[in-house]
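Novice: No letters, just coordinates:
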Ligand SMILES: [Fe+2]
């Protein structure tokens, strides 16, 4: 095993360890761990691919530096150590049909790295994905859905979520968001970048579909104009 593989493996295991501590508290975490337990994560299965950096490296570094919650420190440490070993990609119409109106914010700064998945830089799996997902500050990730059931582990101190047609709510670092297959969801990012662990449990080749909400322009305007403190919603 190379040092690079060792660092990527440590990151993956830090994520699984965090999720295990949350077991039975969240249905989605249970399902995710059930899937992970069936995947061969032995050292022999680790892939060895060339790293790929990103034009958003400064934002990414900031996002990792700002992971403050004590229970996430092992993930943050492993992520900082392995950041330059990973293959970073932007979604340039990979997940959405080309004419989708995903919004300027998303196009300007979205970033992910697949750790386990069809093109994972840790382990390969044809029908499960786990990775890191980041959005730049003051971004609305517009309402969308997909057939893949999805789990987010929020690493950032605060992120806003609209699940289904419910009100916007803010979630703390360490919180988990479970999105069943086909359920609508949107994310809004305040002053600091948003960073998370995300998993797609199956149907990993499904396409994302935008679901129009009339308040997109207003939210995007507010995100550029207001500071964090101006958004007053209950923390979950
Ligand atoms: Fe999603």
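Specialist: Structure's in. What do you need? Fair warning: this is a prediction, and the values are worked out from it, not measured in the lab.
Novice: all contacts plus neighbour counts: C-alpha atoms, from now on.
Specialist: OK.
Novice: quick check, residue 221 in a strand?
Specialist: No: when classified by DSSP: H, G, I helix; E, B strand; the rest coil, residue 221 is found to be helix rather than part of a strand.
Novice: And it, how far from residue 134?
Specialist: 21 Å (CA to CA, to the nearest Å).
Novice: quick one, which of those two is more surrounded?
Specialist: Neighbour count, other CA atoms under 10 Å: between residue 221 and residue 134, residue 134 has more, with 25 against 13.
Novice: Who does that one form a beta bridge with?
Specialist: residue 111, residue 195 (DSSP bridges).
Novice: before we move on, what about residue 140?
Specialist: Beta-bridge pairing of residue 140 under DSSP bridges involves residue 188.
Novice: ditto for residue 172
Specialist: residue 158.
Novice: all helices for the protein, in order.
Specialist: Along the chain, the segments classed as helices by DSSP state H run 3-21, 27-37, 57-65, 73-82, 104-108, 216-225.
Novice: Distance-wise, check the nearest residue to residue 74 once chain neighbours are set aside relative to residue 83.
Specialist: In space, and not counting its chain neighbours, residue 74 is closest to residue 14: 6.2 Å by CA to CA, 6 or more residues apart in numbering. The gap separating residue 14 from residue 83 is 14 Å, by CA to CA.
Novice: which residues does the most centrally placed residue in the chain contact?
Specialist: The residue lying closest to the centre of the chain (CA atoms, centre = their mean) is residue 133, at 3.3 Å. For residue 133, the contacting residues are 110-113, 195-198, by CA atoms under 8 Å, 6 or more residues apart in numbering.
Novice: Of these, keep whichever come out buried.
Specialist: Of the members of the contacts of residue 133, the ones counted as buried by neighbours, 16 or more other CA atoms under 10 Å, are 110-113, 195-198.
Novice: Low-confidence regions, the protein specifically.
Specialist: Low-confidence segments of the chain (pLDDT under 70): 24, 93, 227-236.
Novice: quick one: terminal-to-terminal distance for stretch 181-198?
Specialist: 14 Å.
Novice: do the same with stretch 21-28
Specialist: End-to-end distance for stretch 21-28: 13 Å, by CA to CA.
Novice: Give me the buried stretch members for that stretch, please.
Specialist: Buried residues in stretch 21-28 (16+ other CA under 10 Å): 22, 28.
Novice: what do you get for stretch 139-157?
Specialist: So, applying 16+ other CA under 10 Å, buried residues of stretch 139-157: 139-157.
Novice: give the contact list for residue 132.
Specialist: Residue 132 neighbours (CA under 8 Å, 6+ apart): 112-115, 195-198.
Novice: before we move on, what about residue 145?
Specialist: When contacts are counted by CA under 8 Å, 6+ apart, residue 145 touches 181-185, 208-211.
Novice: Could you measure from the nearest residue to it once chain neighbours are set aside over to residue 66?
Specialist: In space, and not counting its chain neighbours, residue 145 is closest to residue 184: 4.7 Å by CA to CA, 6+ apart. From residue 184 across to residue 66, the span is 28 Å (CA to CA).
Novice: Those two: who's more crowded?
Specialist: Comparing residue 184 with residue 66 by neighbour count (other CA under 10 Å), the higher total belongs to residue 184, at 20 against 17.
Novice: Need phi/psi at the more buried one.
Specialist: Backbone geometry at residue 184, expressed as degrees, to the nearest 10, gives phi -70, psi 150.
Novice: That one against residue 209, yeah?
Specialist: No: Residue 184 is beyond contact range of residue 209, at 9.2 Å (criterion: CA atoms under 8 Å).
Novice: who touches both of the two?
Specialist: Residues touching both residue 184 and residue 209 (CA under 8 Å, 6+ apart) are 144-145.
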